[in-house]
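[1] take this sequence and fold it.
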Amino acid sequence: MGELTDKIKGNVDEAVGKVKQAIGGHQGDSELHDEGAAQELKGKGEQAKGSVKGALGDDI
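    Reported below is the predicted structural model:
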């Protein structure tokens, strides 16, 4: 995947994770909340990966 693709996927995962956390917190569903936190963290990692690819080139 290229830099832009990684960053977009990361943004989507981060946003969905935040929504899951909010819903889980509102409904008292700790499993959904934790799943959202993990997905948000995954999204941040994907964004970082995209930034590294941008700095070093898509060939990595």
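[2] quick one: contacts for A38?
    G17 (Cβ atoms under 8 Å, 6 or more residues apart in numbering). Using the backbone N, CA and C atoms, a C-beta is placed for each residue, glycine as well.
[3] the same query, at a cut-off of 10 Å, please.
    Counting by Cβ atoms under 10 Å, 6 or more residues apart in numbering, A38 makes contact with D13, G17, K20, Q21.
[4] closest to D29 among those?
    The nearest member of the contacts of A38 to D29, counting by Cβ to Cβ, is K20 at 9.2 Å.
[5] now do the buried residues in the host helix or strand of A48.
    For A48, the element it lies in under DSSP states H and E is helix 30-56. Of the residues in helix 30-56, 32-33, 35-36, 39-40, 42-43, 46-47, 49-50, 53 count as buried by neighbour count, 16 or more other Cβ atoms under 10 Å.
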